[in-house]
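Asks: Test case, fold it:
(one chain, ligands or ions: 2)
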Amino acid sequence: MNPPYLSIVIPVYNEEYNLPPLMERLYPVLQGTGKPFEIIFTNDGSRDRSLEILRQMAQQYPGVKVIEFNGNFGQHMAILAAFEKTSGQIVITLDADLQNPPEEIPRMVAEIEKGRDVVGTIRQKRQDTFFRRLASRIVNITTNKMTGMKMSDYGCMLRAYHRDIIININRCQETSTFIPALAQTFCSNPVEIRVSHSERAAGESKYSLYKLIRLNFDLMTGFSVVPLQLFALFGIITSVCSVVFALFLLIRRFVVGAEVEGVFTLFAILFFFIGIIILGIGIVGEYVGRIYQEVRKRPRFVIRRTYGFDNE
Ligand code: UDP
Ligand code: MG
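Replies: Residues are numbered from 1 along each chain as shown. Ligands and ions are numbered 1, 2, ... in the order given. All right, here's what the predicted structure looks like:
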């Protein structure tokens, strides 16, 4: 087969009921583009029949390739592993749960061909819970602040990247990351298009509240040291304030004399500072933890087997 021009990357974790309908919609769309393409699925340690279904697809459909992970390494690692194996000029990521319509792919390809290097998408009438939308807003605001870019929806995984961006992403070796933000640090000419959004076709979301908070932390600490700097700044301001306060108390001691009624106010202030200190230690700990992860230099993911790639 010709070397692929389009590479579609799909992470899969327990999606047995979504894979067949996804393929039925995706494959005709790709054939309709008239370009050579490949679809790379990463099975991220699914415990249902997903892997079996994927292996069948790799035999049945030309261009379908499967990476089998040795366990569950997370959506972003699954995408990164597939990125390393892509060879298309245009790489498109997609969720397996049919929340992103595959029919939008030709529009995204057209944008890249017009000279854009990243095509993001904005979900119209997003079909998710209030909590999820709130988390996304935080992600969008922090990412824009950190990268100095203006994009309104980083959470939507239906995205297209030019080969150059993928090459740079493949050079990064960090262990916890958030791909749309990473891509944003390399791109120079991004664009966003509006796409529709559906409810998850089957199964449930793989992200609990805890996993979402972790993801936001990765995003915050993974791309900047601003939280550390802000904290240091805050520490300086509070210590100046407390010196002023201590002076005030000293003078008051001479003017009014000894008194004990203010004890509880003092406690309140003390607790406030203790709270800040604990928060600060937490933030520092977050960075130390990341440094620890990086220096261990463990492999980020372990591939057990691949199916459908040429070199087998
Ligand atoms: N996913 C994965 N590994 C995980 C969690 C999720 O490969 O540990 C995949 C999942 O199969 C889906 C995509 O990542 O294709 C997005 O997951 P999900 O739909 O659960 O996230 P949400 O849409 O709720 O953000
Ligand atoms: Mg989903």
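Asks: Tell me the confidence at the residue nearest the centre of the chain?
Replies: What sits nearest the mean C-alpha location of the chain, by CA atoms, centre = their mean, is residue 178, with 3.0 Å. The per-residue pLDDT reported for residue 178 equals 86.
Asks: Please tell me I have it right and it contacts residue 222.
Replies: Yes. Between residue 178 and residue 222 a contact is recorded at 6.6 Å, counting by CB atoms under 8 Å. Where C-beta positions appear, they are placed from N, C-alpha and C, glycine not excepted.
Asks: In terms of helices and strands, where is residue 92?
Replies: Assessed by DSSP states H and E, residue 92 sits inside strand 90-93.
Asks: so what strands line up beside that strand?
Replies: Here strand 90-93 is paired, per DSSP bridges, with strand 6-12 (parallel), strand 159-162 (antiparallel).
Asks: Does residue 149 fall in a helix, a strand, or a coil region?
Replies: For residue 149, the assignment made with DSSP: H, G, I helix; E, B strand; the rest coil gives coil.
Asks: from what I can see it touches residue 191, true?
Replies: No. Contact criterion CB under 8 Å: residue 149 and residue 191 do not qualify, at 11.4 Å.
Asks: that older thread, dump the strands paired with strand 90-93 into TSV; add distance to residue 278, mean neighbour count and mean pLDDT as well.
Replies: Conversion of those to TSV gives the following (distance: least, CB to CB, whole Å; neighbours: other CB atoms under 10 Å; pLDDT from 0 to 100):
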stretch	distance to residue 278	mean neighbour count	mean pLDDT
strand 6-12	36	27	97
strand 159-162	38	26	96
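Asks: picking that back up, check the offset of the following helix or strand past the strand holding residue 92 from the chain's centre.
Replies: Moving toward the C-terminus from strand 90-93, the next helix or strand (DSSP H and E) is helix 105-113. Centre-to-centre, helix 105-113 and its host chain are 22 Å apart (CA atoms, centre = their mean, to the nearest Å).
Asks: residue contacts, residue 5?
Replies: Counting by CB atoms under 8 Å, 6 or more residues apart in numbering, residue 5 makes contact with 35-37, 88-90.
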